[in-house]
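Chemist: pasting a predicted model and its sequence here:
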Amino acid sequence: MSATAVHSLWTTAGGVTSAAPGDKFTAPTIEYAQLAPVLIVVGAAVLGILVEAFVPRRARYTTQVLLTVVAIAAAFAAVVGLAADGYAGENANIAAMGAVAVDGPALFLQGTILLVSMVSVFTFAERRLDPASHGNRVDSFAAQAGSVPGSDGEKAAVKAGFTTTEVFPLALFSVAGMLVFPAANDLLTLFVALEVFSLPLYLLCAVARRKRLMSQEAAVKYFLLGAFSSAFLLFGIALLYGYAGTVSYAGIAHVVDGTVQQIDPALAGTMGNDALLLIGGAMLLMGLLFKVGAVPFHMWTPDVYQGAPTPVTGFMAAATKVAAFGALLRLLYVVLPGLTWDLRPVMWGVAIVTMLGGAIVAITQTDIKRLLAYSSIAHAGFILAGVIAASPEGVSSVLFYLGVYSFVTVGAFAVVTLVRDADGEATHLSKWAGLGRRSPLTAAVFAVFLLSFAGIPLTSGFSGKFAVFKAAADGGAGGLVVVGVVSSAIAAFFYVRVIVLMFFSEPKADGPTVAVPSPLTMTTIAVGVAVTLVLGLAPQYFLDLAGQAGVFVR
Amino acid sequence: MNPVNYLYLAALLFTIGASGVLIRRNAIVVFMCIELMLNACNLALVAFSRMHGNLDGQIIAFFTMVVAAAEVVIGLAIIVSLFRSRHSASVDDASLMKL
Amino acid sequence: MENLIALLVAAPLLGAAVLLCGGRRLDRAGHWIGTALAAASFVTGVVLFTDMLGRGAEDRALHQHLYSWIPVEGFQADVAFQLDQLSMTFVLLITGVGTLIHIYSIGYMEHDERRRRFFGYLNLFLAAMLILVIADNYLLLYVGWEGVGLASYLLIGFWQHKPSAATAAKKAFLVNRVGDMGLSIAIMLMFTTFGTFAFGPVLGATGDTSEGKLTAIGLMLLLAACGKSAQVPLQSWLGDAMEGPTPVSALIHAATMVTAGVYLIVRSGAIFNGAPDAQLVVVVVGAVTLLFGAIVGCAKDDIKKALAGSTMSQIGYMILAAGLGPIGYVFAIMHLVTHGFFKAGLFLGAGSVMHGMNDEVDMRKYGGLRKYMPVTFVTFGLGYLAIIGFPGLSGFFSKDMIIEAAFAKGGTEGWILGSVTLLGAAITAFYMTRVMLLTFFGEKRWQPDAEGHEPHPHESPKSMTIPMIVLAFGSVFAGGFFSIGDRFMHWLEPVTGHDHGHAPVSAATVTAATMVVLVIGVAIAWAMYGRKPVPAVAPRGSLLTRAARRDLLQDDFNHVVLVRGGEHLTRSLVYVDHTLVDGVVNGTAASMGGLSGRLRKLQNGYARSYAVSMFGGAAVLIAATLLMRAV
Amino acid sequence: MSFPLLTATAALPAIGAIATAAVPAARRTAAKWLALGVSLATLVLAGVVFARFEPGGDRYQLTESHAWIADFGVRYELGVDGIGVALLALTALLIPFVILAGWHDADPLETNSSRWRPTQGFFALILMVEAMVILSFVATDVFLFYILFEAMLIPMYFLIGGFGDRAHAGSDENAAAQRSYAAVKFLLYNLAGGLIMLAAVIGLYVVAGSFSLSEIAEARANGSLEMATSTERWLFLGFFFAFAVKAPLWPLHTWLPNAMGEATTPVAVLITAVVDKVGTFAMLRFCLQLFPEASKWATPVIIVLALISIVYGALLAVGQRDIKRLIAYASISHFGFIVLGIFAMTSQGQSGATLYMVNHGLSTAALMLVAGFLITRRGSRLIADYGGVQKVAPVLAGTFLIGGLATLSLPGLAPFVSEFLVLVGVFSAYPVAGIIATVGIVLAALYVLVLYQRTMTGPVREGIGGMPDLKVRELAVALPLIALLIFLGVFPKPVTDVVNPAVQHTMHDVQKKDPQPEVEAAK
């Protein structure tokens, strides 16, 4: 069934075209099996809402955690199942009447997203770090997000032992959106998916237990800028639609490279107008670059990362990047391959300023979360280098990098949640001085993550970086590789600075303590370390995986 | 009337909305400007839909409205809670985090 | 028989090892061990000597190949010895005088708690020196060359607690290193020219290469010789070297080590024969040093420094002779041997005097010592007569020969050199007489020292006097023994070759002339120091005298140009390294930080400005895309 | 599949490192002995490798090859040639001394914090470095080598920054600042070099499609791999830059004095005697083998840089007031000699350079470690604080002097052999360079003797009197090294025998012949 069918379905329903009213109505066919991962998660999310409504408060936390974990696990199982059925390879196809692609990249990214969300959810559910208030274990989310910080209402809420268990369904919704995002095969789905995973994130940012003002500020900034960017994205969609007369990737691609079957006069008119295509493509690109946090669309990143509750930051930093880059890849490889030569210079520029900008500004950061934010920007730049490679190796290298990066990120932020003092997490770097003396293990783990970020050999970071740079060099982007290594050198500086701080400087008397987490967070961190070392020493298996998943269906 | 004019109008609205976002302080107003941009998109979509003689654009417009509505819910929630804790809806006041 | 050769070196080397690693437990026996092993080496030498005499003149040379030292592609360096007449001469001189001085030191160093180490160093020196003279290739010679340098460094600085001694030692080593540079470059040249640096092949193939190459090699060898033999311009270290214990001065800085340069040149005769220009330079250096040393010797009041000057000058004679080519080689070596005897004797005498005078070295504080230490007086006196060339004594023969040879060089060159050597002889007579008079004649001039106890001059113990006596015999008879019937010449000829040249003046005339200048020199000295009493403090003296006291300002030159200049250079380089080379790096880091700080300001916390950047970014993105299509 | 000897030799210290790190805080001494034992066991294994290596045999012996990361065209390929085996032996030999010398350097100052285990960490890191260095000497896969080349920075970084010299001038905070500055400088300098090399490594893969040294060399030999001249030059520069930083070559040297000055003396020895050798080794192994043409193209410049290093380093050594910095600059001068020998591209030069790496390791170790004993006694690194030591501690002074004499390459001690070989090798190819280099031997005498005179001779300064002489442990460090210096000075054959064939291979790689002696040429 052709990719544009779903729309012709609507058109016939609308009856504007030649088809007479009351003509045969073909019901849309939805391949539920192939959409299983998404459906499971969405379903679980809806269930979660119901849980909020009907399950007594005491049991909610447990129920929600269980539900979420089970749902994600099931979704992952479904992904694995699909991959096993060869949807990643030979019988990759397009489901839901052209709305969603089920192919290698989609499944790989969905798998990654699900695993990452799984470990992130563990940190969401962590309740051992903050001292129990009024005998109730508390997590890092506000007792009652609505209540004014410091007000009697809040005190009462805390006393009553309220907790915002809504975060779990919210996370699930967001995950659902992320699952669709890289698989979206028409612009409408893309837009909807974007909103579906963004909106819950806006909320999640706002519900920190500590430092609520910053948390809310982060939410506002994230929300406004996010909405702003999605407006651009939407306008881009509009223009592309105007250019091609369709919003399905394949359809647009056909129009762009002029292999379209029947050309009606209107289409002929707009097809001639490259401005529509170029401006639309650029705006679409901008929408996605905003989500991956590329310069100059990055400015929300540091503030939001810093303000949001750290577990959310970790989730956001890891999963969002994966989803957004997935979508970006699909867009560039499926929709606009015809535009490669027009977009390449622009992408080069963006990649360069992103790598350098992120690395340079990070040097003078004093807050660990902001530091990681800028480092994530720099990494976005590295990944872009792989995206630009415009080759199957490029795709698989990016997939691999995303997998590597996301786990390390979640792990790193999980460690950040452990270092606490009187008023919550001690994120100011000066407080990390001498951490290595006080709790060598934590410091060592964090050092491992930092070294992986820095791309030191024998860590996963190096494997990823090497894969991406290699692909870029192969794809004729040697210049980017040089810029890449230079900015890695700059970046090394601030990672090293943190290590110096932790190990070589004397601990402060009023320094923070390292909380002993529950098995949940421990798992998150352990997974991070494991991935870092395994993919650093023997990445071959996962490179193969990414390699097989490197082909998009059209 | 040439449907292209609608596109000019859409672009105009979009620009107005965008500049509103850049200029206005009050979060609510900023938000409204964003809505305006979305509407501009809708206008463009519908216009194009008309040009191409298929309804995709109009369908998307509907989706957009729904999404916008959802955004309103979330957005207002956030802005209101911000307002309650700061007694100000100015986006410039919310600048604890910088540098 | 050739297997004995290694024993020459092995014995003292063993001694050095044992004494230096042995530790305190050997303190009591140390000096005996050292002396015994030195003697053993001497005995070995004698045995080899007799054996050598037993064979015909042509097949006297012995070879011993121990092992291949540095086997590298296209590069053969062996540890192999060659004992021919030339080497043999040195072996006997070194081990003989060496043994005597060991014995002497037993007494001289009696009160030094580090005597064991002293003997260790002495043995080390013997070993190195022997390697130097019996090596069969230049690289191994180089090993000995630096080895004696090390030994001399250790011995000059033996009293390390005296900063002056430590400085002198360092200076000696450094100046020698400059010379060594010459030697190593010479070896490299040989390698690139001949593909080897073993004596046989190199000296045999000198005909196959250009004169230019030979000249270059020759000059480099000369540089090395200058360093080791304290020839101008590298002579400055010898005077300071007197900081070392007197036996050291006698053995190393009079009899043996300093003459290594002469050995090197004579040994490399084939090269110099092929390079007249190099020879000329050698002769000039010899002549200059001859006078230089003599003049310095006249002005010094420190008895050892005076003798050091004399040594310099005498070696000047030898170098000059060696520079003359086949005419001179034999005489150079002969003078070297005789000089070894009498100069060693003189130094030991000086040591004996100091021993009796609480280590006072200023001759102006001596006087009339002949009464107090007769043996020393006699032996020293004989040495004195020998060095000034009193008829019949060693110096007379050897020096006379050199003077003759100088004239025999022929041409104006010949005349110049001849007269220089004569002048040198006169000055020699002068300063040696001066030393003699100041020390042993006149009335006593010593006062109580700072602690107020007056020195009680007394004769030295047997262990010291006996070596002096033996050496005195040498200084008296060696020359005659060698020259009667040209024994020495025939002995060395197979190695060095010899031609008589054509003397423009008869030997008799030369001898007569020598006698005349000798008398003049002595007379002047007598006039200045014999007749009237000598002031205990040196008078200001003429400009020349003052200059000569300061080694003709050579040290001042070094100090200003090399030391000061060097200090400035290094200090400025340290500065450069820190500010420039390192500054660039730190600068980049700093500028990065600055840039970061400035970019950071963009992140001003206002959502609207963020939106602006997004908007601008979008605009740029669109513009760029359109632009791309446009171009 | 024979027993993977090389892997074992590298793995043993790695495992030992982990084991040492795992020793509980209280059992500090146990950790020390464990580390020492492991290092000695490694030495034994290295000895076996040395024995099993046949100088006449294949170029690479005891080879191992396993698939590793197919996507990157990377294999786990090991193999040792004459040069590698010599340096491997050196490394394995020095580490026990380093450990022994650093016996007390990492004892915790404050015993209250129970979780903090500096001692264990110190020795574990040393062993980790040993493992990586050994592996890098036997890696015949460019990528594998690169990984180790970079990875070994991390343990070194912690060794420098984490365990500063207790004998520092000024306050503790000041010292800590100095130290972390030195550590960061070390890391960033080398990381920068390494990252530039990374670009070149990737470039090499793009060009050659393989990382296997043997494959690439073969492909180049049979012409199936053509490299554009410019490409080859760029790649060469990428590699050489990293190695020149590590070596270190002027003007990329400034990290070394800081690092060696601030680190504890055993670590300083580890840096200059072991880790830096990887740089010069890699020039010989990779630059010349992979990019022969480019190497020849770059030779003039490199020779000049090397000469500058020699003279400049020596002059700066003369100007130093800090013992350890002095030795550091001396090392810079010596590395100049090594590079000079490598790029002279003559048999003598390269054999000499390889020998030089070994001998310099021994001599610096001897000098530096004894200097370390001296410094720990007096608690100061400033030369001015010393004087007359030989009076109170003659043995210390003696060993120090011998170390010094080795440093100024006195004949009879090992360094002379190598230095002379280098000089001859250079002279026969570039006479002027040879002559300039000989200036280095005079300057060497200057800085060594000045150092000795100022510290050891003259009247006994205050603070020196009553200084104890070397203890048994310290003698156990100093004497074997001295013995080796003398032995290799008198009888270097064991090393030259393994080195010569390897050098001939390299000479063949760069298609160079030794210049013929004039006399033969004439015939």
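Modeler: Done, it's in. Numbers count the residues shown, from 1 in each chain, chains lettered A, B, ... in the order given.
Chemist: does chain C sit close to the longest helix anywhere in chain B?
Modeler: The residue-count maximum for a helix in chain B (DSSP state H) belongs to helix B:56-86. No. Using C-beta under 8 Å from any C-beta of the partner chain, helix B:56-86 stays clear of chain C, coming no nearer than 11.4 Å. Placement of C-beta: from N, CA and C, glycine included.
Chemist: which residues touch residue 355?
Modeler: Picked chain A for this. A:378, A:381, A:382, A:384, A:385, A:483, A:484, A:487 (C-beta atoms under 8 Å, 6 or more residues apart in numbering or on different chains).
Chemist: that was the other one, I meant chain C.
Modeler: Here residue C:355 is in contact with C:108, C:460, C:464 (criterion: C-beta under 8 Å, 6+ apart).
Chemist: give me the buried subset of the residues you listed.
Modeler: The neighbour-count criterion (16 or more other C-beta atoms under 10 Å in any protein chain shown) marks C:108, C:460, C:464 among the contacts of residue C:355 as buried.
Chemist: just curious, which of those is nearest to chain D?
Modeler: residue C:108 (21.5 Å; C-beta to the nearest C-beta).
Chemist: what's the pLDDT at the closest one?
Modeler: The per-residue pLDDT reported for residue C:108 equals 87.
Chemist: what of residue A:7?
Modeler: For residue A:7, pLDDT reads 44.
Chemist: also residue A:19?
Modeler: For residue A:19, pLDDT reads 45.
Chemist: and for residue D:167?
Modeler: For residue D:167, the predicted pLDDT is 60.
Chemist: residue C:81: which element?
Modeler: Assigning secondary structure by DSSP states H and E places residue C:81 in strand C:75-83.
Chemist: now the helices for the stretch 251-400 of chain A?
Modeler: Here the stretch 251-400 of chain A has its helices, by DSSP state H, counting those that start in this stretch, at A:265-272, A:274-292, A:300-307, A:310-315, A:321-330, A:340-363, A:368-388, A:392-418.
Chemist: would you turn these into a markdown table with mean pLDDT?
Modeler: Shown next, in a markdown table, are the helices of the stretch 251-400 of chain A (pLDDT from 0 to 100):
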| stretch | mean pLDDT |
| --- | --- |
| helix A:265-272 | 76 |
| helix A:274-292 | 91 |
| helix A:300-307 | 93 |
| helix A:310-315 | 95 |
| helix A:321-330 | 94 |
| helix A:340-363 | 90 |
| helix A:368-388 | 94 |
| helix A:392-418 | 93 |
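Chemist: mind checking which of those is nearest residue D:481?
Modeler: helix A:340-363 (43.3 Å; C-beta to C-beta).
Chemist: what's the residue in the stretch 151-300 of chain C positioned nearest to chain D sitting at in phi/psi?
Modeler: Residue of the stretch 151-300 of chain C nearest chain D, by C-beta to the nearest C-beta: residue C:195 (3.1 Å). Note on residue C:195: backbone dihedrals following degrees, to the nearest 10 are phi 80, psi 10.
Chemist: contacting residues for the nearest residue to it once chain neighbours are set aside?
Modeler: Distance criterion C-beta to C-beta, 6 or more residues apart in numbering or on different chains; nearest residue to residue C:195, sequence neighbours excluded, is residue D:517 at 3.1 Å. Each residue near residue D:517 by C-beta under 8 Å, 6+ apart is listed here: C:191, C:192, C:193, C:194, C:195, C:196.
Chemist: how about residue D:64, secondary structure?
Modeler: strand (DSSP: H, G, I helix; E, B strand; the rest coil).
Chemist: quick revisit: and the contacts of residue A:355, which is closest to chain B?
Modeler: For these, the nearest to chain B is residue A:378 (17.4 Å; C-beta to the nearest C-beta).
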